[in-house]
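1. here you go, sequence then predicted model.
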Amino acid sequence: MKITAIDTALLTVPTPQPMALQYPHHKLVVAQISTDEGIKGLGYSLSFNGGGAEAVHTYLETRLKPALLGEDPLYVERLWEKMFRVDMGVKKQGTAAYALSALDIGLWDVVGKAAKLPLYKIWGAANDRIPAYGSGGWSKYSIDDLVNEAQKYAALGCKYYKMKIHHADPAVNASRVGAVKKALGSGVRMMVDVNQNRDVLGNERQARLLEEYDLLWYEEPVLADDYDGYAAVAARIKIPIAGGENHYTRWEFKQLLDRRALHFAMPDVCRANGFSETLRIGKLCAAHGVQLTPHLIHEVSIHVVGALSNGFLVEYMDWAPPDLFQEQPECKDGLFRIPDRPGHGMTLHPKALEKYRA
């Protein structure tokens with residue numbers, strides 16, 4: 001089998017309410033891989049709020065795409081290494097990692113379709129039903145917005161809900177968490193996301209005000225590059241630490257794991273150099289007793305969680321318009337059942353490219 005073409009596109013997709021209060025749109029870098037045997041694979045990377053998407057698309061089109069044309073798509077490991085080493089002067093973080101991710105996801109989609117199996121079964125299935133947590137709770141939400149969103153996910157059976165704590169005053173954040181917790185009751189456990197917005201001392205103060213809510217985790221406490229800061233927060237607060245959405249390789253996760261700075265690992269398949277590297281990260285985390293809870297993109301992340309014994313949760317954020325994909329996995333009783341469709345099972349709606357192309 002040979003790759004005959006890779007068609008790329010940059011899509012701008014509007015977000016539903018209430019997410020639109022914070023981010024009115026996201027951008028999607030799409031790569032559709034064609035082969036001489038008629039099998040096609042879909043890959044994509046989600047650029048949250050659109051940041052850097054044009055650069056990702058350009059790097060994919062001009063540097064990585066030429067490395068794959070004419071190659072056998074079933075040799076995913078070899079092609080991943082080839083793409084990773086196209087430009088050794090460019091670290092595979094940010095722009096380059098997003099671009100590689102889209103193509104790696106597309107290659108694995110081809111593999112699954114050639115094998116006529118969903119990806120999680122190819123990788124050694126552990127589970128076919130994956131628990132989800134509702135996610136959102138952005139800083140621009142009113143208390144009513146927060147409560148309504150949390151109750152929407154609870155009505156779908158989700159036993160967990162995550163919200164942001166971005167206010168400069170820790171007491172305000174604590175009061176917002178308390179209001180949501182009161183509305184949800186004891187049947188839903190909560191998490192909070194700092195989004196790298198505090199230093200070590202600020203996180204200590206904030207965490208003390210949240211201890212009474214028995215939070216499952218406290219996410220991204222400091223800048224992603226500050227590994228020692230991560231470790232310091234993990235050692236000083238009583239709430240488990242989650243992080244990893246802004247770490248792109250197994251070597252970055254190793255820095256966190258070696259420092260015992262992480263209890264829940266959150267690689268993003270569209271950022272962490274695709275399925276291939278996310279699986280490596282997941283297995284590395286298993287060796288450290290850390291559970292895997294991928295960041296976003298639940299529709300494809302479910303395959304990673306379903307393949308690994310330390311897979312725990314997927315993040316369910318209602319980010320896509322209903323006419324972007326032909327068929328989305330359905331959350332029922334708080335669980336996603338992984339589709340039996342070959343590959344990752346996602347297909348763009350026939351009119352999505354025409355409607356959302358930037």
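-> Structure received.
2. list the buried ones in stretch 114-131?
-> Of the residues in stretch 114-131, 114, 117-123, 125, 127-128, 130-131 count as buried by neighbour count, 16 or more other CB atoms under 10 Å. Quick note: C-beta positions are derived from backbone N, CA and C, even for glycine.
3. contacts for that stretch next, please.
-> Defining contact as CB atoms under 8 Å, 6 or more residues apart in numbering, one finds that stretch 114-131 is touched by 1, 37, 39, 74, 108-109, 111-112, 159-160, 275, 279, 302-309, 311-314, 334-345.
4. in helices, which of those residues fall?
-> Among the contacts of stretch 114-131, the members falling in helices (DSSP state H) are 108-109, 111-112, 275, 279, 302-307.
5. okay, among those residues, which ones form the most distant pair?
-> Pairwise distances across the ones in helices among the contacts of stretch 114-131 (CB to CB) peak at 18.6 Å, for the pair V111 and V305.
6. those two: which has the busier surroundings?
-> Remark: of V111 and V305, V305 carries more neighbours, 26 against 22, as counted by other CB atoms under 10 Å.
7. contacts only, for the more buried one.
-> V305 makes contacts with 127, 130, 292-294, 311-314, as judged by CB under 8 Å, 6+ apart.
8. start and end of stretch 56-65, how far apart?
-> Terminal residues of stretch 56-65 lie 12 Å apart, using CA to CA, to the nearest Å.
9. any idea of the mean pLDDT for it?
-> Mean pLDDT, stretch 56-65: 98.
10. again, but for stretch 270-286
-> Average pLDDT, stretch 270-286: 98.
11. repeat for stretch 297-308
-> In this model, stretch 297-308 has a mean pLDDT of 98.
12. likewise stretch 72-87?
-> 98.
13. rewinding a little: mark which of the contacts of stretch 114-131 are buried, thanks.
-> Buried residues within the contacts of stretch 114-131, defined by neighbour count using 16+ other CB under 10 Å: 1, 39, 108-109, 111-112, 159-160, 275, 279, 302-308, 311-314, 334-339, 341-345.
14. could you measure from L103 over to V314?
-> 22 Å (CB to CB, to the nearest Å).
15. circling back to that earlier point, switch the ones in helices among the contacts of stretch 114-131 over to TSV; also include distance to V56.
-> As requested, the ones in helices among the contacts of stretch 114-131 are arranged in TSV below (distance: CB to CB, whole Å):
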residue	distance to V56
W108	19
D109	19
V111	23
G112	24
F275	17
L279	22
I302	23
H303	22
V304	21
V305	25
G306	27
A307	26
